[in-house]
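1. Need coordinates for the following:
(2 chains)
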Amino acid sequence: MADITPNPDFTREVIANGGETLNLCYQCGTCTGSCLSSRMTAFKTRKAVRMAQLGMKDQVLSSKDLWYCTTCYTCYERCPRGVDIPGVLFAMRNLAVQAGHMAEGHKRTSEAIITYGHAVRPSDKNTELRKALGLVETPPTVLVHESGLMDIKRIMCKTGFDKLIGKPIDLGAGAVLK
Amino acid sequence: MPRIGVYICHCGLNIASVVNVEELREYAEELDDVVTAKDIDYVCSDAGQDEIKLDIERHNLERVVIAACSPRMHESTLRKTLGEAGLNPYLLEVANIREQCSWVHIADSAKATQKAKDLIRMAVSKARWLEPLYPRKIPAIKNALIIGGGVAGINAALDLADAGHEVYLVEKKFTIGGHMALLNEIFPSNDCSICVLAPKMVDASTHPHITLYTNSEVESVEGSVGNFKVRIKKKPRYVDEDKCKGCIEDCANLCPIEVPNEVDAGISNRKAIYLPIPQAVPLCACIDPEHCVGCRLCEEGCEPKAINFDQKDERIEVDVGAIIVATGYKPFDAARKPEYGYGTIPNVITTMELERLLNASGPTRGKVKRISDGRVPGKVAFIQCVGSRDAQVGNLYCSSVCCMSAMKNAQLIRERYPDTEVKIFYIDIRATGSGYEEYYDKARKEGVKFIRSSVSEVWDTRNHNPVMRYEDTLACESREEEFDMVVLSIGMEPSENIKELESILNLAENPAGFLAPAHLKTRPVDTHVDGIFIAGCAIGPKDIQTSIAQGCAAASHAFRLLEPGEIELEPFSAYVIDMLCTGCKLCEDICQYDNIKLIDGVAKLDEVTCKGCGSCAAACPTGAIVVRHFTDEQIYSQINSVLGDKSEYPLIIAFLCNWCAYAGADIAGSLRIQYPTNVRIIRVMCSGRVNPRFVLEAIQNGADGVLVAGCRQGECHYGEGNYLARRRMKILKEILRDVGFDDRRIRVAGISASDGEKFAEIIHDFTEELMRIGPTGAEFMGEEDAESILEVENSNDSG
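-> Have a look, this model is predicted:
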């Protein structure tokens, strides 16, 4: 049996961070049935809300399922209790990240931002297309402006985001954090 | 000045063990105008009352003050005592020295005795200003109007008519019977609905004391309890009720117009001339003017010559003493839940439509058939809570009958088609009536499957088998499942014309839009308008047996009112001194009973319908409105008598409403919840009666704090009096703050009649706060001055 020792502090934390309507839920399952993701994955919207209500912190924060919501908002639109379900899920995702449970894909995307300043780098195909259209090969973003990339790194470092994704940045001895 | 007698009750040891009764008596004897003061073991005993009666005669007393338990206990008995001794019963004032004193200050005899003296002094002061009052009697018309000819209205009508009262029964539709006449069988006994109802419908139409107006509406109602003038609009049905035999075939067969039949929700068709249902009462054809093209073919077929195209709107005026509103409900429009596809997917139907399919006199003669192909469904799903408990459509309430009706229909389908699989998709099962849980058991035994789920969406397929997507919440599985037929268990909503009727009758509605009773728990079929009662689904969703019970209850309340032929009214009404009225109209806007009208520049107040809350008097800038038994002079005299001889610091004057806050303070007494002695209570009927001038008067004369407490928000016995009080005190506080006054000295609170704990807590907290703020006026002086005031106050206190 799963340990469901309630952790009321966790429930309160979810409520305080965007899940104000959490306790209105009466577990009817309209959300799960409406959920695009739950048709393909193990994610059960109602169950996630239930776990938040019961304060099942460890189970819910470490769960991969939490990241399968596509934020289509159909559940919110149909919920007969008016529960802001995506709000509850976002609150739990934020808490999960803080507790060190970020999804691998998100980590990789974040790494790309820190390294290149872009979530998606221009591909060769992209470059060819730009050339064909008569544009400069490299777009005038942080790819060209190195100081901009440095600024991004500083932000990531100062907010501690680099550590959250498990890739601490070494800005070097000379880098001054402003 | 009047001759006053004061009687102090020992209440055994309840009062005498804390308060020094002997000292009180000596004190009372010395008060002006008091000709005799006595202490009595039990004032409420026969001996006690005999003594008072004897004294009234012996000393020729003109006012009586009784210091005893709360007036809410024995005031009416004591009034009778005065009456028996030939004194007007309303020349009595009660000082509450038990609940407000001896029971709540057990540990401090000296202070309790001092407070009791103040309470007696206040009562004597008010007694000087008391005036004889006479409960008014007005003749009442013994007839009754019933609006709505459904099962609740029919039962109310029959009860009153059987008791000999003339009843006018007004029904909007062409037939009486309401929704119940359309149902198949009814839970939990599975009787045939129309078989139970039809005899009552016929009784109502043939009863010598009932006049039936179908296809009619109430247009206006004037007057008040005992004497309502009602105007009814009877719309034309273009068929003479006296001539039509109800054969229908002869006329309808000739009619070329065919339209969907509304009672069958479009499953079958009817002609433009038709019988609303085969069991219609009156059994008379009607012509639907919206669709009739006026070809007059029907006239040719009608042998009794009943068809009459010359009929016009008729106006009928009736006088009644009481009105019962039983206007029922409107089924939820399932198209408002587009994810269920009602109206676009043929085999998604509603409960009402299934009732018609199951009904032997319905469009399929009792056969359950798919709308798309007429095939008997092999697999049926019921979706519960459609339009109920759903914030998305704005209906937060449970419709209370859908669980039971789905179980009933599921069983009927299983009985008639044992091979058909039936699943009920529910969120929670509500089976709380007598025999209902057993009915739930029976449904399971008969093979009905229950899936705990709120279905998310339904879509159609090529062969019109609706597919449902849902999560089985107990199995924690998402599924897609195909059915032959999906039934939406639609809830109930307030009927269409309810708002119009509310404005005609001046009735209030609850947050869901149904009619609001005078009190949710204790007065379920009364409204806040005397003489108007409510019953059935007009108040909110309910099953048939409860609707009938309410119809009978409303009839019994109407009977109690009408039977004597006259109505006795409490004498605490307000009246206007014409000379002082400036015609500012404030009172007209304030009165929640629409009871004050400006006529020729002067406010006219109907004393018969006045409830005596006094909200108008509190708003009147010229003091032109007098509230009997709670006059300005009486209240000022209470304030001034306490403060004229201020006995304590800090001293709080508390204005408490009779129904909640005062009762709350009484409960603090009954529960012996102790609080500081620093409060002196003045009873008013409603906190809306508290004129800001009273508060100013108290503060100017040395009160350190003033508490105005009424019912909690939304619970005022006069609608919005507590809200008015809150608003007025807020403005007063703002004004006083502007001149440098510490506005914490004025507090407003809502205290329920059961919340003694809260009352005591407020007094504790307020007293402490006032100690910190200092004596009244301290905010206008230097610290030294304030201290010197305090010294004087303290010396008064100890003296």
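2. residues contacting the residue of the stretch 1-150 of chain B at minimum distance from chain A?
-> Per Cβ to the nearest Cβ, B:Gly150 is where the stretch 1-150 of chain B lies closest to chain A, at 28.4 Å. In this view, the C-beta of every residue, glycine as well, is placed from N, C-alpha and C. Applying Cβ atoms under 8 Å, 6 or more residues apart in numbering or on different chains to B:Gly150 gives the contacts B:Ile176, B:Gly177, B:Gly178, B:His179, B:Met180, B:Ala326, B:Thr327, B:Gly328, B:Gly536, B:Cys537, B:Ser547.
3. Is the first one in a helix, a strand, or coil?
-> Secondary structure assignment for B:Ile176 (DSSP: H, G, I helix; E, B strand; the rest coil): coil.
4. List the residues that contact it.
-> Going by Cβ under 8 Å, 6+ apart, B:Ile176 touches B:Gly149, B:Gly150, B:Gly153, B:Ile154, B:Leu169, B:Met201, B:Ala204, B:Ser205, B:Leu212, B:Thr214, B:Val281.
5. Now intersect the contacts of B:Gly150 with the helices, please.
-> If you go by DSSP state H, these have B:Ser547 in helices.
6. sorry, back to before: for the contacts of B:Ile176, which two are the farthest from each other?
-> Spanning the widest gap among the contacts of B:Ile176 are B:Gly150 and B:Ser205, at 14.4 Å by Cβ to Cβ.
7. picking that back up, now intersect the contacts of B:Ile176 with the helices, please.
-> Those of the contacts of B:Ile176 lying in helices (DSSP H): B:Gly153, B:Ile154, B:Met201, B:Ala204, B:Ser205.
8. what sits against the residue of the stretch 451-600 of chain B found nearest chain A?
-> Closest residue of the stretch 451-600 of chain B to chain A, Cβ to the nearest Cβ: B:Ser456 (2.8 Å). Residues near B:Ser456 by Cβ under 8 Å, 6+ apart: A:Gly29, A:Thr30, A:Cys31, A:Thr32, A:Gly33, A:Ser34, A:Arg78, B:Glu339, B:Arg469, B:Tyr470, B:Glu471.
9. Can you get me a residue count around B:Leu54?
-> 11 (other Cβ atoms under 10 Å in any protein chain shown).
10. Would you confirm that it belongs to a helix?
-> Yes. With three-state DSSP as the criterion, B:Leu54 is part of a helix.
11. which residue ranges form the strands in chain A?
-> Ranges of strands in chain A, per DSSP state E: none exist.
12. what does it put close to chain B?
-> Within chain A, the positions near chain B by Cβ under 8 Å from any Cβ of the partner chain are A:26-35, A:38-39, A:44, A:46-47, A:77-82.
13. Nearest residue to the closest residue to chain B within chain A in space, ignoring adjacent ones along the chain?
-> Nearest residue of chain A to chain B: A:Gly33, at 2.8 Å (Cβ to the nearest Cβ). Leaving aside its chain neighbours, A:Gly33 sits nearest to B:Ser456 (2.8 Å; criterion: Cβ to Cβ, 6 or more residues apart in numbering or on different chains).
14. For chain B, list the residues in contact with chain A, please.
-> Checking chain B against chain A by Cβ under 8 Å from any Cβ, the hits are B:339, B:385, B:389-392, B:427-428, B:452-457, B:469-473, B:476, B:478.
15. Just the buried residues of those.
-> B:339, B:385, B:389-390, B:392, B:427, B:452-457, B:469-473, B:478 (16 or more other Cβ atoms under 10 Å in any protein chain shown).
16. For the closest residue to B:Asp41 other than its chain neighbours, give me its contacts.
-> The shortest distance from B:Asp41 to any non-neighbouring residue, by Cβ to Cβ, 6+ apart, is to B:His10 (5.0 Å). Residues in contact with B:His10 (Cβ under 8 Å, 6+ apart) are B:Ala16, B:Val21, B:Asp39, B:Ile40, B:Asp41, B:Tyr42.
17. Now do the fifth one, the pLDDT please.
-> B:Asp41 carries a pLDDT score of 95 in this model.
18. check contacts around it.
-> So B:Asp41 contacts B:Cys9, B:His10, B:Gly12, B:Ala47, B:Gly48 (Cβ under 8 Å, 6+ apart).
19. Now do the contacts for the fourth one.
-> Read that as B:Ala47. Contacts of B:Ala47 (Cβ under 8 Å, 6+ apart): B:Asp41.
20. Please, which helix or strand holds it?
-> helix B:46-58 (DSSP states H and E).
21. can you pull out the strands in the stretch 351-500 of chain B?
-> All strands of the stretch 351-500 of chain B, identified by DSSP state E, counting those that start in this stretch, fall at B:379-386, B:421-426, B:449-452, B:457-459, B:467-472, B:477-482, B:485-490, B:492-494.
22. Under the pLDDT cut-off, which ranges of chain A? List them.
-> A:1-4, A:172-178 (pLDDT under 70).
23. And the helices in it?
-> Using DSSP H, helices in chain A cover A:8-16, A:30-34, A:45-54, A:57-61, A:74-78, A:85-98, A:104-116, A:124-132, A:146-159, A:161-164.
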